[in-house]
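J.: what shape does this take:
(4 chains)
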Number of protein chains: 4
Amino acid sequence: MKTLHVGLIGAGFMAKAHSLAYDGMPMCFWPAPAMPHKKVIADLSQERADTAAMQFRFDKGTANWQDIIRDPEIDIVDICTPNDAHAEIAIAAAEAGKHIICEKPISRTLNEAKKMYEAVKKAGVVNMLCFNYRMTPAVQLAKKYLAEGSIGDILDFRGTYLQDWSADPASPLSWRFQKAICGSGAFGDIATHVVDMLRFLLGDFAEINARMATYIKERPVQSGSIDKLGTVKGGDGPRGKVEVDDQCCLCVKTASGAFGTIEATRNAWGRNNYITFEIHGTQGSLYFNYERRDELQVCFASDPGDRRGFRTVYTGPAHPYGEALWPIPALGIGYTETKIVELHKFFDAVVNKKPVSPDFEDGYNIELIGEAAFKSAESGRWEKVGTIG
Amino acid sequence: MKTLHVGLIGAGFMAKAHSLAYDGMPMCFWPAPAMPHKKVIADLSQERADTAAMQFRFDKGTANWQDIIRDPEIDIVDICTPNDAHAEIAIAAAEAGKHIICEKPISRTLNEAKKMYEAVKKAGVVNMLCFNYRMTPAVQLAKKYLAEGSIGDILDFRGTYLQDWSADPASPLSWRFQKAICGSGAFGDIATHVVDMLRFLLGDFAEINARMATYIKERPVQSGSIDKLGTVKGGDGPRGKVEVDDQCCLCVKTASGAFGTIEATRNAWGRNNYITFEIHGTQGSLYFNYERRDELQVCFASDPGDRRGFRTVYTGPAHPYGEALWPIPALGIGYTETKIVELHKFFDAVVNKKPVSPDFEDGYNIELIGEAAFKSAESGRWEKVGTIG
Amino acid sequence: MKTLHVGLIGAGFMAKAHSLAYDGMPMCFWPAPAMPHKKVIADLSQERADTAAMQFRFDKGTANWQDIIRDPEIDIVDICTPNDAHAEIAIAAAEAGKHIICEKPISRTLNEAKKMYEAVKKAGVVNMLCFNYRMTPAVQLAKKYLAEGSIGDILDFRGTYLQDWSADPASPLSWRFQKAICGSGAFGDIATHVVDMLRFLLGDFAEINARMATYIKERPVQSGSIDKLGTVKGGDGPRGKVEVDDQCCLCVKTASGAFGTIEATRNAWGRNNYITFEIHGTQGSLYFNYERRDELQVCFASDPGDRRGFRTVYTGPAHPYGEALWPIPALGIGYTETKIVELHKFFDAVVNKKPVSPDFEDGYNIELIGEAAFKSAESGRWEKVGTIG
Amino acid sequence: MKTLHVGLIGAGFMAKAHSLAYDGMPMCFWPAPAMPHKKVIADLSQERADTAAMQFRFDKGTANWQDIIRDPEIDIVDICTPNDAHAEIAIAAAEAGKHIICEKPISRTLNEAKKMYEAVKKAGVVNMLCFNYRMTPAVQLAKKYLAEGSIGDILDFRGTYLQDWSADPASPLSWRFQKAICGSGAFGDIATHVVDMLRFLLGDFAEINARMATYIKERPVQSGSIDKLGTVKGGDGPRGKVEVDDQCCLCVKTASGAFGTIEATRNAWGRNNYITFEIHGTQGSLYFNYERRDELQVCFASDPGDRRGFRTVYTGPAHPYGEALWPIPALGIGYTETKIVELHKFFDAVVNKKPVSPDFEDGYNIELIGEAAFKSAESGRWEKVGTIG
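T.: A predicted model of the protein is given here:
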């Protein structure tokens, strides 16, 4: 069995999730397309990188991510940094002929996304963006029902990504609120997950009418570079300006003629990782809520009237990836499992030289949607979504 | 105890709900402001009116609704007809000095609404519109939390009214799909309920960005005048054109600066009377779903972090109208109870000569929102909501 | 159309529910089997009875319930008193040839139940016990699925009736805690509803293994005779002994061989009217929760594995009583609607001279179950349920 | 940092879960008590063991589990075999001075459990049983509320473990239905998980009144030794006798005086891994459902009456193990995460030479509960739970 050598850049919480996936992927998907070998992990200092190498079981750490790019044994570059480093690393990796798996969103700006897309296209390397929520078996089951035609032609949909980890104005001004690092706020950080899921399920978006807001306009400056996602308080220190949106709402017309709304906010007290979609078609409806991710709700119009209603289907061996994951529905799909499925798709693509989705082209398209959304928020009008090339 | 004499016009399913409320109101709210006396019921033929008088326990029936207007003993005119008769009857009733309770929406057109509003204002009669869903105790509890400031300043909201009774293209072309009778479709028939609830909770709407659609463009013509709400099929007979919207989505900016969406559709398989709202404020969140109407979900930001989450509060004696209705939460709030609360408010207003809400002014304002919505659906832009006078 | 004259005894909250049903039944079920005429209402004093007559729209009030028995025009005696008066009134009514509708439980003791059963049997009058929760359309839909064989042979079941209105030791010692008036506590007051539903659905109970408890052993004596169900506090006055169970749990073997548990308690903080059952058969499962009474959950084993799960069916026109009640599912089944269905069954039985269920025989059988349960709680063993005659 | 060398026996699906936990534990709990080194994995043939070594990343495989016992470098013996091998392996491991982590239930018989308990006690080795569901953060949060006294004195409880993977009579006769291998059926396989959780939360069980059943009496004999948990069908081959219970129900009195029921079944269509408990105390209530394991529901009696209801708390950084796992509630607790928490407790105990729970003593106590349960199912009476002598 082939081995693929991995260099991972950025040793925060995403490194944990990815490292678990490297180890778990062959355990679940056996025989694996190839065995991952976690060779080098890079972080901002040698000390932190060395610690991360121990914690996440890499052969070694480095404070210089270019070491990874230069290492001829490295097959895969895994980008887990904040958004501001994606483009530089990805382009360098592509030029070095490495396959790339990169955390979402693709980049800070449309221009960066374009360059990344062009770089991987030119280099011909496999490239994947980590919109992992679509890897949830229940979301894949929704796709299966849609592909079979069981839901009919799609009329309407609604998506949300609601959180409250920064609803408290005392939660810190992390990099996720600094435009130079993140590019955008609620849109890039969370709305893009829902955009990705709905594009996956329903196809391209054609026009956008959006509204963006920043409700909490300043926050205590975060000391240190650790992104604790609201679990620490900023205390009495100085406050800095929030430079990005903390709420956004997109009205969407898809290329196929469906209409929907997507809302994302970090100010929704009581909602945690409330990623939902509801889809209505001529033959049925679908509802998914990631907070209860073992289940998909589906209503089939073809059921007799006295027996019709949403079915709550718990995903397991009879559903996508079920054979690879756990042998009983509701044994427990967690964050780890979504990353394992994701990594399997990536390895399968690398080994078998085939495309994978979502890739940088998807990421670029989502940036084009973002561009239309921010433009619409300014103009107050429907804006067409740009197309690649 | 005073008695108020009632003349009711339109003996369909709403007559049943209203009649139950006339009988039940004093039983629940005792002592009642006044005792209702159901004197005359009007329908399209004398035979149907006579039957309705027996069924709904009125003294007598009439095929001529003007009899009710002319009857000096009648205190209250209750309008349960399709929308096309509201204006004529209400204006006649106001001119005759009758107090008026009228089913929603107020009318087919903005112009009719204006005339109705002016007529009752000029006559000085008490007037009420039957947006009964806001009378649900759980909705009134939401209002209490908001009024107390427990939810803080409102940032965002989402409302829906999703149904499926006409999602089947074989369901008949009733008056609810004929513009000359109903004025509008999903907007007037169902979205207005959610608009009313959210105006009640959050205040006036300032700007609208809307989208309207008609997915099912023709339906079998309904024989007879009975509105069976999708429980009958139209068979193989001729088909007629659907003249109104069957889906609408409004983006809303309120006068207070909150932002939200409201979606209504009759094409949502698996949703029945899915009237929901979710409201996010700086101090908490609210969620309501009429399909589970005994409960309100509320999250208070002030709860300690390790104990915070949506509370599912079942309304009962400790909550609005609880003493009047049933002595234990979840004993069962149904459609009847919402109409009983509604009627109590109306009688209280008539007897104590005070305003009641929602009234024709609210109805007129909602028509102005509709005007902005349909205009926006044409222009693709944000449109300002007009103001009265 | 025939008219049946009603005399109702006991003007508490049940009188409200019954009165609403007398008025509402013909409105919903039209043409009605007969028209109810509310003639006389009896309570403990003439003043209270007169007030009740106004409130509930009876022709007159009386402080002497025997007046009702003696009135030759009275067709129906409706017993809404505390349990201690059921037997005396029902036996007198039967001897006078009146048809009887009586609140649950049938009586305080097995002996009283036996006498009541024998009296109505001897007199040949129609008799009904008000276990109204089985009248919920969703429960009737469960019955339909079972009767059709869609659930297969029944293996297991679980039922609960959980409340918290007296979970606070400061809530008053009402008649519901005094053995001489109520006979038993949680068993008679609430468990019997679940016993009734499950007997209705699954057939006779054969053996019982039970446990009874009284957790709160004394409570403040309630001043006045009004039963406020925990909404008032007893204050600092004297405390009296709770003489009955406030929790009970029955293990049940049915005559058909199924096994199940039924638990009832008044000490379950956060549960209000939490009447639930879950039933597992060889071909499927059913779940019902009265707190969300518009819906029934059903799982059919015959569904394909990748589409199987509990369906949430909202009852409406396509389901039992749907045509009579409201034209759209989830428009709202409340307590009132359950009583209207109940009364329609009773009137249908009286007019068409046919049996009705649940009747005194059911009530007597439930007392036999209670006898076995209390005996088992003493013996610690399985006890056989006695049979009538 | 210390390293502990692991030998794992039994390469089925549990080996996958354990292997993921060995890799993930230090990633989540950093710094880890010690680093796991997966040295040897044993299975029935050398070929299968070698494959497992690759799949699960052990240094090597063996067809002879005694190799692991004899290997002086091995610190930890991890038992993932069917139940029939637990005792022999565990006793050998204890005698060799190895620390032991063993899948549940402890053994087939009380006698085996006794010997295992005595062996580890005599050897003084750390020993743990893998009742992983209590490691769910929401269950640990329930424990915290109970320990703080927030729920008060416990009155009642209800637990379930309902599955349907073998509800179909065509699902195969795996080792889980053969008494010589598994010892018991629904009791040992699933009920013990709930028994463990409730003992953890509420303390020792004192008396049991139980009922056991075997509904599906024969099944197609499974070819091969792979336990596919109902995802394969047995086809038309020969049928063998099911020798164990597939449903059990325990009534329980705890040493502290609480009363409850625990039901487990494999015949509940629509239930998958439906591990639930509901606990009522004098100060509040708790509800947990593993199928929605990111959340705990809690009701506090101390909340004001107009704001009281079950709170749905999503566990995250503010709750047990939250800092170690994922930084946002509902990011996703899955099966993997429960095993990671479990393994951290075990490593912590091994390194810091302290007891861990659940251990073999807990397992032995649960077997004593099983003994009382099976005895009660025969006698029809309450049976006292034996104590470790």
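
J.: the helices in the stretch 51-200 of chain A, which residues?
T.: For the stretch 51-200 of chain A, the helices defined by DSSP state H, counting those that start in this stretch cover A:65-70, A:86-95, A:110-123, A:137-148, A:179-182, A:186, A:192-202.

J.: let me fix that, I meant to ask about the stretch 201-350 of chain A.
T.: Under DSSP H, counting those that start in this stretch, the stretch 201-350 of chain A gives helices at A:335-352.

J.: before we move on, back to that, in TSV: the helices of the stretch 51-200 of chain A, plus distance to chain C.
T.: To be clear about C-beta, it is placed using only N, CA and C from the backbone, and glycine gets the same treatment. Listed next are the helices of the stretch 51-200 of chain A as TSV, based on distance: least, CB to the nearest CB, whole Å:
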stretch	distance to chain C
helix A:65-70	42
helix A:86-95	37
helix A:110-123	35
helix A:137-148	7
helix A:179-182	39
helix A:186	32
helix A:192-202	17
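
J.: pick the most buried one from these.
T.: helix A:186 (a mean of 27; mean count of other CB atoms under 10 Å in any protein chain shown).

J.: just confirm yes or no for that one near chain D.
T.: No: applying CB under 8 Å from any CB of the partner chain, one finds helix A:186 separated from chain D by no less than 14.0 Å.

J.: and for that helix, what's in contact with it?
T.: For helix A:186, the external contacting residues (CB atoms under 8 Å, 6 or more residues apart in numbering or on different chains) are A:161, A:244-248, A:264-266.

J.: one more time with 7 Å, if that's ok
T.: A:245-248, A:264-266 (CB atoms under 7 Å, 6 or more residues apart in numbering or on different chains).

J.: now do stretch A:76-93
T.: A:4, A:6-10, A:12, A:14-15, A:18, A:65, A:68-69, A:98-103, A:105-108, A:112, A:115-116, A:119, A:175, A:180-183, A:188.

J.: select the longest helix from chain A.
T.: Assignment by DSSP state H gives helix A:360-379 as the longest helix of chain A.

J.: how far is that one from where the chain is centred?
T.: 16 Å (CA atoms, centre = their mean, to the nearest Å).

J.: buried residues in that helix?
T.: For helix A:360-379, a neighbour-count test (16 or more other CB atoms under 10 Å in any protein chain shown) marks A:360-374, A:376-377 as buried.

J.: residues from chain A in reach of chain C?
T.: A:305-314, A:318-319 (CB under 7 Å from any CB of the partner chain).

J.: of those, buried ones?
T.: For these, a burial check counting by 16+ other CB under 10 Å picks out A:306, A:308-314, A:318-319.

J.: and residue A:99, how far from residue A:124?
T.: Distance of residue A:99 to residue A:124, computed by CB to CB, to the nearest Å: 10 Å.

J.: swap in residue A:209?
T.: 38 Å.

J.: between those two, who's got more neighbours?
T.: Between residue A:209 and residue A:124, counted using other CB atoms under 10 Å in any protein chain shown, the more crowded position is residue A:209 (26 against 10).

J.: excluding its backbone neighbours, what's nearest that one?
T.: residue A:251 (4.2 Å; CB to CB, 6 or more residues apart in numbering or on different chains).

J.: my guess is the one you found contacts residue A:262, does it?
T.: No: look at residue A:251 against residue A:262 with CB atoms under 7 Å: they stay out of range, at 8.3 Å.

J.: which residues does residue A:184 contact?
T.: With contacts defined as CB under 7 Å, 6+ apart, residue A:184 is in contact with A:244-245, A:370.

J.: and the contacts of stretch A:76-93 near chain D, which?
T.: Among these, chain D is touched by none when using CB under 7 Å from any CB.

J.: now the most centrally placed residue in chain A. Nearest residue, chain neighbours left out?
T.: Among the residues of chain A, residue A:131 comes closest to the average C-alpha position under CA atoms, centre = their mean, at 2.3 Å. Excluding its sequence neighbours, the residue lying closest to residue A:131 (CB to CB, 6+ apart) is residue A:196, at 3.9 Å.

J.: and that neighbour, what does it touch?
T.: If you count contacts by CB under 7 Å, 6+ apart, residue A:196 has them with A:131, A:134, A:358, A:362, A:366.

J.: tell me the one of these nearest residue B:348?
T.: Closest to residue B:348 out of the contacts of residue A:196 is residue A:134 (54.0 Å), distances taken as CB to CB.

J.: could you check how many residues crowd around that closest one?
T.: The local packing of residue A:134 (other CB under 10 Å) involves 22 other residues.

J.: that one contacts residue A:197, correct?
T.: Yes: taking CB under 7 Å as the definition, residue A:134 is a contact partner of residue A:197 at 4.8 Å.

J.: so who does residue A:283 touch?
T.: Contacts here follow CB under 7 Å, 6+ apart; on that basis residue A:283 touches A:150-152, A:301-302.

J.: repeat that for 10 Å
T.: A:145, A:149-154, A:299-302, B:167, B:269 (CB atoms under 10 Å, 6 or more residues apart in numbering or on different chains).

J.: hmm, back to that, let's have the helices of the stretch 51-200 of chain A in TSV, adding mean pLDDT.
T.: Formatted as TSV, these follow (pLDDT from 0 to 100):
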stretch	mean pLDDT
helix A:65-70	98
helix A:86-95	98
helix A:110-123	98
helix A:137-148	98
helix A:179-182	92
helix A:186	96
helix A:192-202	98
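
J.: can I get those helices in TSV with distance to residue B:284?
T.: Output for those, formatted as TSV (distance: least, CB to CB, whole Å):
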stretch	distance to residue B:284
helix A:65-70	43
helix A:86-95	36
helix A:110-123	37
helix A:137-148	29
helix A:179-182	27
helix A:186	19
helix A:192-202	24
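
J.: among those helices, which comes closest to residue D:39?
T.: Among the helices of the stretch 51-200 of chain A, the nearest to residue D:39 by CB to CB is helix A:65-70 (29.7 Å).

J.: just the CA coordinates for the closest one, please, in CSV.
T.: Taking Å, rounded to 0.1, in the frame of the first residue of the first chain, the C-alpha atoms of helix A:65-70 are listed here in CSV:
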residue,chain,number,x,y,z
TRP,A,65,6.6,26.3,6.6
GLN,A,66,8.8,26.7,3.5
ASP,A,67,10.7,23.6,4.8
ILE,A,68,7.6,21.6,4.0
ILE,A,69,7.3,23.0,0.5
ARG,A,70,10.9,22.3,-0.2
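
J.: so which bits of the stretch 51-200 of chain A are right by chain B?
T.: Neighbours of chain B within the stretch 51-200 of chain A, by CB under 10 Å from any CB of the partner chain: A:151-153, A:155-156, A:158, A:160, A:162, A:164, A:167-169.

J.: can you list which of the residues you listed are found in strands?
T.: A:155-156, A:158, A:160, A:162 (DSSP state E).

J.: quick one: low-confidence parts of the stretch 101-250 of chain A?
T.: Applying pLDDT under 70 to the stretch 101-250 of chain A flags the ranges A:223-236.

J.: re earlier: could you give the mean pLDDT of the next helix-or-strand element following the longest helix of chain A?
T.: Counting by DSSP states H and E, the next helix or strand C-terminal to helix A:360-379 is strand A:383-384. Averaged across strand A:383-384, pLDDT comes to 98.

J.: for strand A:383-384, packing partners?
T.: strand A:205-213, helix A:360-379 (3 or more CB pairs under 10 Å, 6 or more residues apart in numbering or on different chains; DSSP states H and E).
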